[in-house]
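1. I'll drop the sequence and a predicted model, then ask my questions.
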Amino acid sequence: MNTLLNIVILLVGFVLLIKGADFFVEGSAAVARKMLVPSVIIGLTIVAFGTSAPEMAVSISAALQGSNEIAVSNVIGSNMFNLLVVLGACAVMAPVPCDKEIVNRDFSFMNIITAVLIILVFGGFMTVSVEYGLNSSEECSILSRIDGIVLLCLFVFYLSYTVKAALKSRNKDEEPTKVFLKVWEIILYIFGGLAAIIAGGQLVVNSAKAIALAAGMSETLVGLTIVAVGTSLPELVTSIVAAKKSENGLAVGNVIGSNIFNILFILGVSSAIMPIPVTVQSVMDSILLIAMCFIVFLFAKTRDSINKKEGLIMILVYIAYMGYAIVR
């Protein structure tokens, strides 16, 4: 009975996360349209941050509650899902054009910070004591508060650089796009969406932990599967809708921006709040993530678009990885 109740709570949490992110993105995008910001910049910033809000709520809530394995594995799992499934699904529907400037600048930056994360993790290899919630004999790494501050500094640098690029690309002679939401509706969408995201994140963390214990699963596996996929649904829905509307810049920008936001801001804040022990499994997953980033980067770099065949390969790679994560 308790397990059934936790499953219901988990589903309610996901609904709050997804609908909250939906309202948040719509309200934020309405503001951006009035500012004449190009769609790819909206995807890299407002939409990416909005759709990553569920991961932020889950990981920060997990860090505050000491469920650090979920905080790390949720980010790694979400980034894998975004990169392989979200982009892959868009490419299966229609070729996804890859703007060379975005690939060379933002995609490359995403690869660099993923490598930085691995460097920080390897730099923190140690035997963690029981006070961090792990067996004292278990060899693992740790993301310290200093590491968190480093990640947050990189986030501020990237955000300021992206905003400057957006301001330079604005067409001041262009009329603002007509926005059908009133000012009070925009405010309601933004703050109401954030409230739903925070509440949903709390419900997901609590119910996912309970289900993991009941099923004998590790928190790492739950973070990589149930929580990571569930919190990445906003990115999937947003990018697919954008691709259908031929807003390919929005779709690609959403994935790249979300992954950057997940690593720099979410892990940065989480580890700044509480140092995060990282298990050997999560270290291996982070190495696999950088390998996946490199493969997709080659797809985007060698051609002007990611085609259907490459999209299918990306989805199959993710399915293979999920099989490995479950049986290991």
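-> Noted; the coordinates are in hand.

2. which intervals of the protein have sub-threshold pLDDT?
-> When residues are selected by pLDDT under 70, those of the chain lie in 1, 32-40, 66-70, 124-140, 169-180, 219-220, 223-224, 245-249, 328.

3. The stretch 101-250 of the chain: strands as residue ranges?
-> 126-127, 139-143 (DSSP state E, counting those that start in this stretch).

4. sec struct for the residue nearest to residue 211 when sequence neighbours are not counted, please.
-> For residue 211, the nearest residue in space outside its immediate sequence neighbours is residue 6; the separation is 5.3 Å by C-beta to C-beta, 6 or more residues apart in numbering. Any C-beta I mention is one placed from the backbone N, CA and C, and that applies to glycine too. Assigned state for residue 6: helix (three-state reduction, DSSP: H, G, I helix; E, B strand; the rest coil).

5. where's residue 6 relative to residue 54, distance?
-> The gap separating residue 6 from residue 54 is 18 Å, by C-beta to C-beta, to the nearest Å.

6. same check, this time on residue 316
-> 26 Å.

7. Contact partners for the residue nearest to residue 113 when sequence neighbours are not counted?
-> Distances taken as C-beta to C-beta, 6+ apart put residue 263 closest to residue 113, at 5.3 Å, once the chain neighbours are dropped. Residue 263 makes contact with 75, 79, 113-114, 117, 151, according to C-beta atoms under 8 Å, 6 or more residues apart in numbering.

8. Out of those residues, which comes closest to residue 167?
-> The shortest gap between residue 167 and any of the contacts of residue 263 belongs to residue 113, at 22.9 Å (C-beta to C-beta).

9. Show the contacting residues for the closest one.
-> 151, 154, 260, 263-264.

10. Which two among the residues you listed are spaced furthest apart?
-> Of all pairs in those, the most separated under C-beta to C-beta is 151 and 260 at 10.5 Å.

11. ok, the two, which is more surrounded?
-> With neighbours defined as other C-beta atoms under 10 Å, residue 151 and residue 260 compare such that residue 260 has more, 28 against 24.

12. quick one: the more buried one and residue 161 touch, right?
-> No - using C-beta atoms under 8 Å as the test, residue 260 is too far from residue 161 to be in contact (11.3 Å).

13. Return the set of buried residues in stretch 186-199.
-> Of the residues in stretch 186-199, 186, 189-190, 192-194, 196-199 count as buried by neighbour count, 16 or more other C-beta atoms under 10 Å.

14. Now distance to residue 102 too, for these, in a markdown table please.
-> Listed next are those as a markdown table, based on distance: C-beta to C-beta, whole Å:
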| residue | distance to residue 102 |
| --- | --- |
| 186 | 27 |
| 189 | 27 |
| 190 | 26 |
| 192 | 31 |
| 193 | 26 |
| 194 | 27 |
| 196 | 30 |
| 197 | 27 |
| 198 | 31 |
| 199 | 34 |
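
15. for the residues you listed, which one is nearest residue 287?
-> For residue 287, the nearest member of the buried residues of stretch 186-199 is residue 197. The distance, counting by C-beta to C-beta, is 30.3 Å.

16. Now for that closest one: which residues touch it?
-> Contact partners of residue 197, counting by C-beta under 8 Å, 6+ apart, are 16-17, 20-21, 24, 53-54, 56-57.

17. which of these tops the neighbour count?
-> Neighbours here are counted as other C-beta under 10 Å. On that basis the top member of the contacts of residue 197 is residue 54, with 31 neighbours.

18. That residue contacts residue 15, correct?
-> No - at 11.1 Å, residue 54 does not count as touching residue 15 under the criterion of C-beta under 8 Å.
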